[in-house]
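Student: sharing a model that was predicted from the sequence below.
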Amino acid sequence: SQKIEQNSEALNIQEGKTATLTCNYTNYSPAYLQWYRQDPGRGPVFLLLIRENEKEKRKERLKVTFDTTLKQSLFHITASQPADSATYLCALDIGGSYIPTFGRGTSLIVHP
Amino acid sequence: SQTIHQWPATLVQPVGSPLSLECTVEGTSNPNLYWYRQAAGRGLQLLFYSVGIGQISSEVPQNLSASRPQDRQFILSSKKLLLSDSGFYLCAWRGQASNQPQHFGDGTRLSIL
């Protein structure tokens, strides 16, 4: 079965720096990879989706890369702000399936 | 625009009592619907999903059940709650087309005493 690994340790960075979060997967490559943000006590909120034939996707200060050779996706937040502090989840979808597989998420803490 | 409503936000129930959590979606038709449970510091555990009215698939055997009486209504139930049912329950919907993201409700924090 598909396994997803996200760093369980919180990532602490200083405001203004670029935060980089990692999502590694095993087995088959997904058709799509998604990133979500989750605040405490709230449901995850969809941020970005990247397809297997795309290397990079951007949205404002967010950037996602997808390397099917390394079986890895990187999620970047540039010019990070304390308001970016949250848990970020990646999810893989093999396409044609109704059920994405979620990672456990990585907590990001941006210090002012 | 599409919205998802989930209630109640918090619930405290005694062991052995019944449960009913409700989720409704507005602004879309024939969505795929999902119930997840999230334990503290853990990932999302898929409990049930539905691709249409009356069609429920269970991912984890447990004392919970789900029903979809209407196209945009998804209900999570239990006849007798266990202590282990405590957790954060999330409802989500997704469009039928491929490459669609999931959209989550704000969750229900369920505490069993």
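Tutor: Sure, I can see it.
Student: need the residues that contact the lowest-mean-pLDDT helix or strand in chain B.
Tutor: Across the helices and strands of chain B, mean pLDDT, DSSP states H and E gives its lowest value to strand B:55-58, namely a mean of 90. Here strand B:55-58 makes contact (Cβ atoms under 8 Å, 6 or more residues apart in numbering or on different chains) with B:47-51, B:65-68. For the C-beta atoms, the positions are set from N, CA and C on the backbone; glycine is no exception.
Student: how about the residues of chain B by chain A?
Tutor: Within reach of chain A by Cβ under 8 Å from any Cβ of the partner chain, chain B has these residues: B:6, B:32, B:34, B:41-44, B:46, B:49, B:51, B:59, B:88, B:90, B:92, B:94, B:98-99, B:101-107, B:109.
Student: out of those residues, which are buried?
Tutor: B:6, B:32, B:34, B:43-44, B:46, B:49, B:88, B:90, B:92, B:94, B:101-107 (16 or more other Cβ atoms under 10 Å in any protein chain shown).
Student: B:F74 reaches B:Y49, doesn't it?
Tutor: No - the pair B:F74 / B:Y49 is not scored as a contact, 9.2 Å apart, by Cβ atoms under 8 Å.
Student: overlap of the contact sets of these two?
Tutor: Common contacts of B:F74 and B:Y49 (Cβ under 8 Å, 6+ apart): B:33-35.
Student: I'd guessed A:Y88 sits against A:R104; true?
Tutor: No - using Cβ under 8 Å, A:Y88 makes no contact with A:R104, being 10.7 Å away.
Student: more neighbours: those two, which one.
Tutor: The residue with more neighbours, out of A:Y88 and A:R104, is A:Y88; 23 against 17, by other Cβ atoms under 10 Å in any protein chain shown.
Student: what's the mean pLDDT across the host helix or strand of that one?
Tutor: A:Y88 is located in strand A:86-93, with elements delineated by DSSP states H and E. The average of the pLDDT scores along strand A:86-93 is 94.
Student: how far does it sit from the chain's center?
Tutor: Its chain's C-alpha centre and that of strand A:86-93 lie 5 Å apart, by Cα atoms, centre = their mean, to the nearest Å.
Student: quick one: is that strand near chain B?
Tutor: Yes - against chain B, strand A:86-93 shows contacts by Cβ under 8 Å from any Cβ at A:89, A:91, A:93.
Student: residues in a beta bridge with the residue most central in space within chain B, which ones?
Tutor: Most central in chain B under Cα atoms, centre = their mean is B:W35, positioned 2.9 Å from the mean C-alpha point. On the basis of DSSP bridges, B:W35 is bridged to B:F48, B:C91.
Student: quick check: it vs B:R72, distance?
Tutor: B:W35 sits 14 Å away from B:R72 when distances are taken as Cβ to Cβ, to the nearest Å.
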